[in-house]
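A.B. asks: next come a sequence and a model predicted from it.
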Amino acid sequence: MTARLAAMRNLGEKSAAWLAEVGIKTPEELADVGAVEAYARVKAARPREASLVMLWALYGALNDMHFAAVPPEVKDMLKDMLRQRPA
C-alpha cells in the first residue's frame, strides 16, 4: 500500500514507511491530512530523523513540485501553520 506513497514526487520508501507509521498509507490519506499535519505526526514519532526538508517534500508531493522549488513565502507559511497547530 505504501508503494503508491513512495512513488510520489519527493517521497521514497523511507518517507512512505515513516508516514505509514503514523497512519498515512496512501496518497489520498496524505492529501486529506495535508503536509503540515503529516509532517507534525512524523516529527513527533521521529524527532531526530524528520527535518523541515520533509515538510517541503510533503508539500511538493501534494503539489507536484520538487521540494527545492517550494518558494520561500510558502515555506514561511508552512512553518507558521506548524507553529499555530494545536499541541
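C.D. replies: Alright, I've got the coordinates.

A.B. asks: R48: neighbour count?
C.D. replies: 6 (other CB atoms under 10 Å). All C-beta atoms are positioned from the backbone trio N, CA, C, and that covers glycine.

A.B. asks: need the phi and psi values for it.
C.D. replies: Here is the backbone geometry of R48 (degrees, to the nearest 10): phi -80, psi -30.

A.B. asks: what's the neighbour count on R46?
C.D. replies: As a measure of burial, R46 has 13 neighbours, counting by other CB under 10 Å.

A.B. asks: do A38 as well
C.D. replies: 26.

A.B. asks: need the residues that contact stretch 31-39.
C.D. replies: 19, 22, 24, 30, 41, 50, 54-55, 58-59, 61-62, 78, 81-82, 85 (CB atoms under 8 Å, 6 or more residues apart in numbering).

A.B. asks: I'd like the distance between E29 and L82.
C.D. replies: To L82, E29 is 19 Å away according to CB to CB, to the nearest Å.

A.B. asks: looking at the contacts of stretch 31-39, which gets the smallest pLDDT?
C.D. replies: In terms of pLDDT, R85 ranks lowest among the contacts of stretch 31-39, with 90.
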